[in-house]
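Undergrad: This is a predicted model, with the sequence first.
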Amino acid sequence: MKFAIALFSAAHAPSSRRALLFARAALAGGHEIVRLFFYQDGVYNASGSVVTPQDELDMPRQWRTFVTEHQLDGVVCIAAALRRGVLNAEEAGRYRREAIAVGAPWELSGLGQLHDAVQDADRLICFGGA
Amino acid sequence: MPKSLLIISRQSPWSGSSAREALDIVLAGGAFDLPIGLLFLDDGVFQLAAKQDARTLQQKDLSANLQALPMFGVEALFVCGDSAAERGLDPNTLSLEEIQVLAAPEITALIDRYHQVITL
C-alpha cells in the first residue's frame, strides 16, 4: 500500500515518535511511503537546531537518519516553517535571517505537496492533529 | 477522479494558528480544483461566530477568508449543530450562510463519504 504521512506536532510530542514508528513499520511491512509532510508544529522535526537532552530520544536526528537512509521524500511546509523560524539557507537569505535550521534531506515547499501526496497515496495517515 | 479530502477544523480562531492553518489546506486544495470539504467541529464552530473583533486581540480576522471559500471553489461547508448549540451559538446566525448544519449521525456519514480526512 502507498502511504502519505502528515505530522502536525513538535519533535518532543509523543505523536512525533508514533509517526516515526509507524513509518518504520510501514516500510518493514513492504509498503511504500510516497511522502512525509511536516505541517504546523511538525516543522520542528526537521530542525537541526533542536538540542535534545542526552538521555532522551533525539527526534529530529532520528527523522533525518530515517529519511536519508530510505531516500524518502521529506517535505516541510514552507509557510508553517517561516512562521516558526525553521528556515533553510535559501529562505534565510531571502528574508535576511541569520539562523539556518533546515538542510538536506528536507525540502521546504507549499501545501500543494500535501494535496499531491493525498492524491498519490492509498492512505493518508496523520499524527498529532487536534 | 481526484480523491476527496475532508478537513475537520476543531480549534477556536484565537487559540493559536490551527484554525488559520486548517483553512490554508482548504484554500490550497480549492486552488488545485480538488474536491475539498470543510467541517467545523467542537471549538472550531467559534470560527463562525458573528461580529468577532480580532483587533482587540491584535490578530487577523479569519471571517473574511471564510466568506471567500465559495469563490475559491470550496462549497462543501459543514458545521456540527451539536457543537454550536453546546457553545451557545445559534446555527442560524453563523457567519457563513452557505453552510450545512449537520447532526451527529450525518457527520459520521459525511466522514465516510470522503477518501481522506485531516483533523486540525
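TA: Thanks, I have it. Numbers count the residues shown, from 1 in each chain, chains lettered A, B, ... in the order given.
Undergrad: For the residue positioned nearest the centre of chain B, what are phi and psi?
TA: For chain B, B:Phe40 is the residue whose C-alpha lies nearest the centre (C-alpha atoms, centre = their mean; 4.1 Å). Main-chain dihedrals, B:Phe40, degrees, to the nearest 10: phi -90, psi 120.
Undergrad: Please name the residues that touch it.
TA: B:9, B:47-48, B:78-80, B:83, B:99 (C-beta atoms under 8 Å, 6 or more residues apart in numbering or on different chains). Backbone N, C-alpha and C define where each C-beta goes, glycine included.
Undergrad: Include secondary structure, neighbour count and pLDDT when you put the residues you listed into JSON lines, please.
TA: Below are these laid out as JSON lines (DSSP: H, G, I helix; E, B strand; the rest coil; neighbours: other C-beta atoms under 10 Å in any protein chain shown; pLDDT from 0 to 100):
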{"residue": "B:Ser9", "secondary structure": "strand", "neighbour count": "30", "pLDDT": "97"}
{"residue": "B:Gln47", "secondary structure": "helix", "neighbour count": "26", "pLDDT": "95"}
{"residue": "B:Leu48", "secondary structure": "helix", "neighbour count": "23", "pLDDT": "95"}
{"residue": "B:Phe78", "secondary structure": "strand", "neighbour count": "19", "pLDDT": "97"}
{"residue": "B:Val79", "secondary structure": "strand", "neighbour count": "25", "pLDDT": "97"}
{"residue": "B:Cys80", "secondary structure": "strand", "neighbour count": "24", "pLDDT": "97"}
{"residue": "B:Ser83", "secondary structure": "helix", "neighbour count": "22", "pLDDT": "96"}
{"residue": "B:Ile99", "secondary structure": "coil", "neighbour count": "19", "pLDDT": "93"}
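Undergrad: Closest to B:Asp61 out of these?
TA: Ranked by distance to B:Asp61 (C-beta to C-beta), the contacts of B:Phe40 are led by B:Gln47 at 10.3 Å.
Undergrad: Tell me where the chain has strands.
TA: You didn't pick a chain, so chain A it is. Using DSSP state E, the strands of chain A run over A:2-7, A:32-38, A:74-77, A:107-109, A:123-127.
Undergrad: let's do chain B instead
TA: B:5-9, B:36-40, B:76-80, B:100-102, B:116-119.
Undergrad: Minimum distance to A:Asp58: which of those has it?
TA: strand B:116-119 (27.5 Å).
Undergrad: Using PDB, write out every CA atom in that closest one.
TA: Extracted as PDB, the C-alpha positions of strand B:116-119 are listed here (Å, rounded to 0.1, in the frame of the first residue of the first chain):
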ATOM      1  CA  GLN B 116      -9.200  11.100   3.200                       C
ATOM      2  CA  VAL B 117      -9.600  13.200   6.400                       C
ATOM      3  CA  ILE B 118      -7.300  15.700   8.200                       C
ATOM      4  CA  THR B 119      -8.300  16.900  11.600                       C
END
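Undergrad: Who are the packing partners of that strand?
TA: strand A:123-127, strand B:5-9 (3 or more C-beta pairs under 8 Å, 6 or more residues apart in numbering or on different chains; DSSP states H and E).
Undergrad: Next, the buried residues of the first one.
TA: The neighbour-count check on strand A:123-127 (16 or more other C-beta atoms under 10 Å in any protein chain shown) flags A:124-127 as buried.
Undergrad: and B:Ile8, what does it touch?
TA: B:22, B:39, B:41, B:44, B:111, B:117-120.
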